[in-house]
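> have a look; sequence and predicted model below, questions after that.
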Amino acid sequence: MIKRFTTTALALGFCFSAFAQDTPDAAIVQKIRKEGLENSKAMDIAFNLTDVSGPRLSNSPGLKKAQDWAVKQLTDWGLKNAHLEAWGTFGKGWQIDKYYAATTLPFYHAIIASPKAWTPGTNGPIKSEVILIKADSVADLAKYKGKLAGKIIMMDQGAPLTSGTKADFARYADSTLAQMAAAKPQAAGPRQRPAGGPMADRMAQMMKMREVRAAMNAMLVEEKVGLILTYARGGQGTFFTSNGASYALDAKPVSPELEVAAEDFLHILRLLRAGKPVEVEADIKTSFYDQDPKGYNVIAEIPGTDKKLKDEVVMIGGHFDSWHAATGATDNAAGSAVMMEAMRILKAINFKPKRTIRIALWSSEEQGLFGSRGYVAKHFGDPKTMVLTPDQKKISAYYNLDNGTGKIRGVYLQGNAAAGPIFQNWLNPFNDLGATTVTINNTGGTDHQAFDAVGIPGFQFIQDPADYNTRTHHSNMDTYDRLVEDDLKQAATIIASFVYNTSQREAQIPRKELPAPQPARP
């Protein structure tokens, strides 16, 4: 009964002490603002992560290049112990060495597309009439047996595009931020998946579809299909990419596969449905890398100086890996560049923190938060058993950024009501930059969850949506040009200030009640 009451009680009672302890030092804030807003290197960092390093798919040469650059850059700024730290085994790396595809009949037209991640190439140029496959099962596919060797094929699937009526780029309206700020704490309790009903039916249907697709893929490999053209979600030349095969070291072979932009796919589909012949030529070369299957995070520190507090740690981070159809600018070179820039700002103002400040640039977030979860399991504890290490108590907070290029508008408390008044005070000096909102709400899908799962205060900042979900997230348009410089400057400045305040605070950031162990899903 008392524990259920504590979140509200703390949120009210903490207000009085927070103003005394958590009013930011105006002189330090001014130093941070001047360095972050007038001398920013955020875009230079982003340039090196995107235009210079290229796509940063997990365990790819591009990711390795960016990681090595980051270690050197952090060291050059004066951070200590900058290194790559293995978090566990990932699997094979992969990259595109060459891609070309075009229709040559009924006329020449270059196709907007990308090989799917972890799929093989075509073993040289190929050219064939496109065969339209009408099959919903392995039995349906049997009628094509012996007819597909070396052929370019596509499934008879795809819906007409509709024109959009909303702008791609958006910022949060004041009314939306007010709703976030007014949100109420949700009752704590174990999350249960329903035993039946529509959700269970959909899950069963999805599993059945995956089984059918896997069986069909195996048959296409046996038939030695030359290339599969696949419909890619998107429009207006933008397509959202994915993986077409497993990255496991013992993954089963698959056919070469191109993810094709909707306009080009539907163009070919309409012709084939009308009985018109379509010819495509392609030349795709991809490479696999399995010499070192381990995954690595970039780690570096500004050591603490206080005798009592230097063994405690404030952590910041963002994921370093990306998808492969572009250079991963908003997902998540933006967040990584901001976090590196925040560390640079603190070094540039010659800050000597009481607590140690540690940056982590995670790998393999896109495949399941592997880098952060592996790090947390190694250093802090196992969420499945809630067996925790002594170091779990030494982390004051972890701050994450991973929602595109948009400026910071506030922070999600992740249900940690006691941190609310503290963060509201810390945002006050940045209200003029649009950062005003503290919400009790949770947000998911990124690396702060690994820390929250073992009882460490983990937070993600609220960011303007910009064109993250409409245009850049996992797409072929996620390039340097989509970054908004002023937004990155603002974000790095605010995060540097949060880190400063957390490192100097007399006490650690308040903690929620420890979560219950998370049983393995069946």
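The structure has been received and is ready for your questions. These numbers come from a predicted model, not from an experiment.
> where does the stretch 1-150 of the chain dip in pLDDT?
The stretch 1-150 of the chain contains residues with pLDDT under 70 at 1-20.
> what do you get if the cut-off is 80, keeping everything else the same?
1-21 (pLDDT under 80).
> again, but for the chain
Low-confidence segments of the chain (pLDDT under 80): 1-21, 163-165, 186-213, 244, 519-522.
> let's see it at 70
Applying pLDDT under 70 to the chain flags residues 1-20, 187-203, 205-208, 520-522.
> what's the longest strand in it?
Under DSSP state E, the strand in the chain containing the largest number of residues is strand 93-105.
> quick one: strands adjacent to that one?
Note on strand 93-105: by DSSP bridges, its sheet partners are strand 109-110 (antiparallel), strand 279-289 (antiparallel).
> start to end distance for stretch 454-461?
20 Å (Cα to Cα, to the nearest Å).
> could you pull out the helices in this protein for me?
All helices of the chain, identified by DSSP state H, fall at 2-21, 26-38, 42-47, 61-76, 138-141, 174-181, 198-222, 262-273, 334-348, 370-379, 420-427, 448-452, 485-504.
> what's in contact with the third one?
Outside of helix 42-47, the residues that reach it under the criterion Cβ atoms under 8 Å, 6 or more residues apart in numbering are 73, 329, 333-334, 336-338, 340-341, 480, 483, 485, 488-489, 492. Quick note: C-beta positions are derived from backbone N, CA and C, even for glycine.
> need the buried ones from these selected in PyMOL.
Restricted to buried positions by 16 or more other Cβ atoms under 10 Å, the PyMOL selection for the contacts of helix 42-47 reads:
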select buried, resi 73+329+333+334+336+337+338+340+341+480+483+488+489+492
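> which of the contacts of helix 42-47 lies closest to Gly317?
Ser336 (8.4 Å; Cβ to Cβ).
> for the residue lying closest to the closest one once chain neighbours are set aside, what are its contacts?
If the residues on either side of it in the chain are set aside, Ser336 comes closest to Gly318, at 4.6 Å by Cβ to Cβ, 6 or more residues apart in numbering. Gly318 sits next to Asn332, Gly335, Ser336, Val338, Met339, Leu361, Trp362, Asn400, Leu401, Asp402, Asp447 when contact means Cβ under 8 Å, 6+ apart.
> if we use 7 Å, what do you get?
By Cβ atoms under 7 Å, 6 or more residues apart in numbering, Gly318 lies in contact with Asn332, Gly335, Ser336, Met339, Leu361, Asn400, Leu401, Asp402.
> what's the separation between it and Arg482?
Distance, Gly318 to Arg482, by Cβ to Cβ, to the nearest Å: 16 Å.
> returning to that earlier point: export the contacts of Gly318 to TSV and tack on distance to Gly415?
Output for those, formatted as TSV (distance: Cβ to Cβ, whole Å):
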residue	distance to Gly415
Asn332	24
Gly335	22
Ser336	26
Met339	23
Leu361	26
Asn400	15
Leu401	19
Asp402	19
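> just the buried members of the residues you listed?
Asn332, Gly335, Ser336, Met339, Leu361, Asn400, Leu401, Asp402.
> what's the separation between the closest residue to Thr23 other than its chain neighbours and Phe498?
The shortest distance from Thr23 to any non-neighbouring residue, by Cβ to Cβ, 6+ apart, is to Asn425 (5.9 Å). Computed as Cβ to Cβ, the Asn425 to Phe498 distance reads 11 Å.
> who has more neighbours, the two?
Neighbours were counted for Asn425 and for Phe498 using other Cβ atoms under 10 Å; Phe498 has more, 25 against 18.
> from memory that one sits against Tyr399, does it?
Yes - with contact defined as Cβ atoms under 7 Å, Phe498 counts as touching Tyr399 (6.1 Å).
> make CSV from the strands paired with strand 93-105 and add mean neighbour count and distance to Pro160 to it.
Formatted as CSV, the strands paired with strand 93-105 follow (neighbours: other Cβ atoms under 10 Å; distance: least, Cβ to Cβ, whole Å):
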stretch, mean neighbour count, distance to Pro160
strand 109-110, 12, 19
strand 279-289, 19, 21
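> can I get those strands in CSV with distance to Ala170?
CSV is the format used below for these (distance: least, Cβ to Cβ, whole Å):
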stretch, distance to Ala170
strand 109-110, 32
strand 279-289, 36
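> for those, which one sits closest to Gln236?
Of all those, strand 109-110 comes closest under Cβ to Cβ, at 16.5 Å.
> still on that earlier bit, could you point out which of the helices of the chain sits nearest Ser287?
It is, among those and with distance given as Cβ to Cβ, helix 61-76, at 8.4 Å.
> show me what that closest one is packed against.
Judged by 3 or more Cβ pairs under 7 Å, 6 or more residues apart in numbering; DSSP states H and E, the packing partners of helix 61-76 are strand 80-89, strand 294-302, helix 334-348.
> mind checking the ones you listed for the one nearest to Leu49?
Closest approach to Leu49 among the helices and strands packed on helix 61-76 is made by helix 334-348 (6.3 Å; Cβ to Cβ).
> what are the contacting residues of that closest one?
32, 35-36, 40-42, 45-46, 49, 70, 74, 77-79, 302, 316-318, 320, 357, 359, 361, 401-402, 404-405, 483, 488, 491-492, 495-496, 499-500.
> now, of those, which are buried?
32, 35-36, 40-42, 45-46, 49, 70, 74, 77, 79, 302, 316-318, 320, 357, 359, 361, 401-402, 404-405, 483, 488, 491-492, 495-496, 499-500.
> beta partners for the residue nearest to Ser336?
Beta-bridge partners, per DSSP bridges, of Gly318: Leu361.
> measure it to Ala26 for me?
To Ala26, Gly318 is 28 Å away according to Cβ to Cβ.
> can you show me the strands along the stretch 101-250 of the chain?
109-110, 113-115, 126-133, 152-155, 227-231, 234-235, 238-239 (DSSP state E, counting those that start in this stretch).
> mind putting the ones you listed into TSV with distance to Ala251?
Below are these laid out as TSV (distance: least, Cβ to Cβ, whole Å):
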stretch	distance to Ala251
strand 109-110	31
strand 113-115	16
strand 126-133	23
strand 152-155	22
strand 227-231	17
strand 234-235	26
strand 238-239	24
